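Enquirer: sequence plus the predicted model coming up.
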Protein chains: 2
Amino acid sequence: MSAQSDSNAETTPSEDEVLRRIEQAVLDHRLAPGTKLKEVQLANLFGVKRGLIRKVLTRLAHSSLVQQTPNRGATVASPSVKEGQDLFATRRVIESAVLETLIARVEEKDLEHLADMLKREQQAYLGDEPAQALALSVDFHRELARMAGNSVLETYLNDIIRRTPLVILAHLGDDADNRCRNHEHEVIVDAISRRDVKTAVEVMNQHLLQIESKIRHKPEKQNQGLAALLRPEANPDLT
Amino acid sequence: MSAQSDSNAETTPSEDEVLRRIEQAVLDHRLAPGTKLKEVQLANLFGVKRGLIRKVLTRLAHSSLVQQTPNRGATVASPSVKEGQDLFATRRVIESAVLETLIARVEEKDLEHLADMLKREQQAYLGDEPAQALALSVDFHRELARMAGNSVLETYLNDIIRRTPLVILAHLGDDADNRCRNHEHEVIVDAISRRDVKTAVEVMNQHLLQIESKIRHKPEKQNQGLAALLRPEANPDLT
DNA sequence: TGATTAATTATTGTTAACAATATTCGAGCT
DNA sequence: AGCTCGAATATTGTTAACAATAATTAATCA
């Protein structure tokens, strides 16, 4: 009955590994908001010591994916509608600033890189690989921030991006279409290549508002026990 | 020789207390950038267990005030000039967004509250209480964010404000005039009361650029041992 | 039954001892 | 001296046992 019983070795996962797996489980909403995350249970599940779980939970709490209450442990966070709105409002601010910064310094090879990303993203859509398409679509936003070259802006945007799926899921029963419209990304890149800040920002804000519009009512949908953590992830790559 | 030898009780400080005192020491640059922060030494200094110090250092690392390297401990952070510039650029973005948000929803009692804050700030300046004036001047910015009502923006601004003094100190040998010009705060409040976003943002950006202009060269100024932590703080309030 | 409280169990929080890793110091050498 | 290597020391990292707290159950009474 131990967690150690697979065909191949199955080395004990690192702290980052555990973090990633719990985070992914939350974002795939295999763990619903409000689910209690008990330390010993998680430790057994992953075959690691409780101390490590403890550190991971603290880190997750810091990125607002879990909520920690003194002496009462951790639960998957249930962001309020207000928090979701604040998050999106801030995202518009940050992404606008990213575009403005980027356009002021963008070079030819950056544009080529963006074009390349767009192409791969589109291929994933057309090739009917939604998981891959979603990942690439998120990467697009991250990449803009990276290219803009402001590390603080980049950190904040990454924080927001990390929190976004939970905010959407928490107010949407199911994960209806979290991904971006590829077309809008194209229009944004076009505006960037023309150094047209105004259009780029406008389209980006439209784009984000369109995503935000999915946040509506409350869920009251509860957990299903956290053995779901052991289920293979969306794309079961055990590389 | 123990740390427990004062006249009155001197209860063992809480985690937050220790955090606050180390942070304050960094910001008062009683601990210079680069200073090694050894766990046992700190634990003895504060009369707490090493585990608590460990948690505190991790928290400080998260707000970029200390740098942690695996197996090699923690040092007071030495932010680069680039990081300082990114921080200020982001701050302009955030504060502008705060003003825009705030002006869209500001009410009469908010304006009264701001007027009141301005008055107290001015009194501190005139009364020749620079420490108090600085604190109030920082509070002004925090308060604008709080009143704007976007918790994400508020969190980010607080993060930036927390990091700002170190960035300035690290590139300025000494802490020359970190505080804001009270006059500019007045102009900003005036613009807010007229719902004049454009002016408010312009003045704020000028205001921030003026502070940023103080960042210049590198320091290479090293620590003096961390017993400085035990020195009473700027304002020795032992309430 | 339903409410209240005590006893039991489960869970989180802390710590002291140990392990692993880095740093320092010095001997021996060229 | 300056260098290399290895032992000794110092420092950080982990863990198992314990303590403190919360949640659950059982017992009692109205």
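Expert: The structure has been received and is ready for your questions. Quick caveat, the model's predicted, so the values are computed rather than measured.

Enquirer: rest of the way, CA atoms for contacts and neighbours
Expert: Noted.

Enquirer: could you tell me which residues of chain A lie near DNA strand C?
Expert: Within chain A, the positions lying close to DNA strand C (C-alpha under 7 Å from any atom of the strand) are A:37-40, A:69-74.

Enquirer: show me the subset of the residues you listed that also lies near chain B.
Expert: Checked against chain B using C-alpha under 8 Å from any C-alpha of the partner chain, those yield no neighbours at all.

Enquirer: so of those residues, which ones are in helices?
Expert: In helices, defined here by DSSP state H, the members of these are A:39-40.

Enquirer: please pick the buried ones from the residues of chain A next to DNA strand C.
Expert: A:37-40, A:74 (16 or more other C-alpha atoms under 10 Å in any protein chain shown).

Enquirer: just the residues of chain A next to DNA strand C: which are in strands?
Expert: Cross-referencing the residues of chain A next to DNA strand C against strands under DSSP state E gives A:37, A:69, A:73-74.

Enquirer: list just the nearest of these to B:Glu108.
Expert: A:Thr69 (36.6 Å; C-alpha to C-alpha).

Enquirer: which one's the longest helix in chain A?
Expert: helix A:81-103.

Enquirer: let me know the angle separating the helix or strand just after it from helix A:81-103.
Expert: Sequence order places helix A:108-126 as the next helix or strand after helix A:81-103, per DSSP states H and E. Relative orientation of helix A:108-126 versus helix A:81-103 (axes from the mean of the first three to the mean of the last three C-alpha atoms, to 10 degrees): 140 degrees.

Enquirer: how about the helices of chain A, start to end?
Expert: A:15-27, A:39-46, A:50-62, A:81-103, A:108-126, A:130-148, A:151-170, A:182-193, A:197-212.

Enquirer: I'd like the ones you listed as a markdown table, with mean pLDDT appended.
Expert: Shown next, in a markdown table, are the helices of chain A (pLDDT from 0 to 100):
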| stretch | mean pLDDT |
| --- | --- |
| helix A:15-27 | 95 |
| helix A:39-46 | 96 |
| helix A:50-62 | 98 |
| helix A:81-103 | 96 |
| helix A:108-126 | 93 |
| helix A:130-148 | 93 |
| helix A:151-170 | 94 |
| helix A:182-193 | 93 |
| helix A:197-212 | 93 |
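
Enquirer: I'd like to know which of these lies nearest to B:Leu134.
Expert: helix A:151-170 (24.5 Å).

Enquirer: and for the closest one, what's in contact with it?
Expert: Outside helix A:151-170, the residues that touch it by C-alpha atoms under 8 Å, 6 or more residues apart in numbering or on different chains are A:26-27, A:29, A:33, A:63-65, A:78-81, A:83-84, A:87, A:91, A:94-95, A:98, A:138, A:142, A:145-146, A:175, A:178, A:212, A:214-215, A:218-219, B:83, B:86-87, B:90, B:156.

Enquirer: how far away is the spatially most central residue of chain A from DNA strand C?
Expert: The centre of chain A sits closest to A:Arg162, judged by C-alpha atoms, centre = their mean, with a distance of 3.6 Å. Note on A:Arg162: its distance to DNA strand C, by C-alpha to the nearest atom of the strand, to the nearest Å, is 23 Å.

Enquirer: and A:Val187, by the same measure?
Expert: To DNA strand C, A:Val187 is 47 Å away according to C-alpha to the nearest atom of the strand.

Enquirer: what sits against that residue?
Expert: Here A:Val187 is in contact with A:200, A:203 (criterion: C-alpha under 8 Å, 6+ apart).

Enquirer: and chain A, which residues reach DNA strand D?
Expert: A:48-49, A:51-52, A:71-72.

Enquirer: does A:Asn150 touch B:Gly84 like I think?
Expert: No: in this structure A:Asn150 lies outside contact range of B:Gly84 using C-alpha atoms under 8 Å: 10.3 Å.

Enquirer: for A:Val76, see how far away A:Asn158 is.
Expert: Computed as C-alpha to C-alpha, to the nearest Å, the A:Asn158 to A:Val76 distance reads 19 Å.

Enquirer: of those two, give the one with the bigger neighbour count.
Expert: Comparing A:Asn158 with A:Val76 by other C-alpha atoms under 10 Å in any protein chain shown, the one with more neighbours is A:Val76, at 26 against 17.
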